[in-house]
Structures are given as structure tokens and as C-alpha cells.
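Engineer: this one's structure only:
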């Protein structure tokens, strides 16, 4: 099972058909993805479930429905166990960004964290779950596939928000501050934390 978010509402990719309550079932093979996005954005529907036959092919088939944008990002810990957050578009988020030509995804993740926050000395600890969300750019919907990595750093320097990316704050948050920030964050980020 996979979850793809449209704003805060999930599209669940599954092989199981359940009786509809506050969600709708559609066949993955024949679904009109534009209609699904409109329904999620314009109705009180809590979620949509796209039903496929083969669980191993659910994601592959879904990703063919819209153009894909590949990104890398980091859940970065400092020596105090605090997590590095950015504040952009009036929401708390983790640093991430699009892969550039001939760049590996782990290189993308490190570069983006450095660019968006000013943090140096990043080391990847392990890969985390990938996240998926649908966004609209220049009038077209796309699917962002983000590869996340847990990272660590001993960086104690000045945090530098990347203003040209709309980032207004960069902060290390302890566990209590992180829980508060997650109240004003994205569903994908809450899954990672």
C-alpha cells in the first residue's frame, strides 16, 4: 500500500476493495486522475482509494498518470538530538529539493539541505521512507517523489534560510518544539517524524 497526498488528503494505492464510507474507490487502470484531484480539493471527501490487481505494480502504474519530479531531502539531527526545520509558505517543513542533472539522489539531498539551511558537515546515516505528493505548477499537476535520508551533523554555525526559495526561517527544534511545529506542517512530514 502507498499513500500519495493531494494537499493534506491521501490517495491510497491498494489491492483491497473496502465499502465506501467517507472515501471513494476507483480502478487504478481506468481512473481519471484530474477528476480525483478535483474531488479531493473541492469536496469533503476524506480520501480516494485506487484499486489495482498487483501490489508490486501499484506505484509504477500510478506514477505513469502524471509527470514525475524527483527530489531529495534530509531529516537532520545535530549533536543535541534536535531536528533541522525550515519555515516556508507559512508551514514548517524539512529541507528538500529537485535533483539536478547527473546527480545521485544522496548528493541531491545533501546539496539541498546545505543550500536551504546553510548547514555544513552533513553525513547520511540511513535512507528513510520515500514520500509522494501531487502539486500544481504552471497550470499542470505533477507528482513529487522525495527520497529522504536521516542525516547528522556537528555544525554549530549560523543558520542561513535560502530566501530565493521562499524560506523565511531555519531552526533546530527539540522534541517538544518539533511536536508543536508538526501541528503546522504537511502530512508527508508528519509521517517521517
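Structural biologist: Okay, I see it. The structure presented is a predicted model; accordingly, all values stated were derived computationally and were not measured.

Engineer: Enumerate the positions of stretch 61-79 that are buried.
Structural biologist: 61, 62, 63, 65, 66, 71, 72, 73, 74, 75, 76, 77 (16 or more other CB atoms under 10 Å). (C-beta placed from N, C-alpha, C; glycine too.)

Engineer: repeat for stretch 138-149
Structural biologist: In stretch 138-149, counting by 16+ other CB under 10 Å, buried: 143, 144, 145, 146, 147, 148, 149.

Engineer: related to what we said a few turns ago, restricted to helices, list the buried residues of stretch 61-79.
Structural biologist: Secondary structure assignment by DSSP state H places 61, 62, 63 of the buried residues of stretch 61-79 in helices.

Engineer: Can you spell out which residues form a bridge with residue 83?
Structural biologist: residue 77, residue 173 (DSSP bridges).

Engineer: what two of the buried residues of stretch 138-149 have the greatest distance between them?
Structural biologist: 143 and 149 (19.9 Å; CB to CB).

Engineer: any idea which element residue 19 lies in?
Structural biologist: Following DSSP states H and E, one finds residue 19 outside all helices and strands.

Engineer: give the contact list for it.
Structural biologist: Contact analysis of residue 19 by CB atoms under 8 Å, 6 or more residues apart in numbering lists nothing.

Engineer: what about residue 133, distance to residue 89?
Structural biologist: Using CB to CB, to the nearest Å, residue 133 is found at 13 Å from residue 89.
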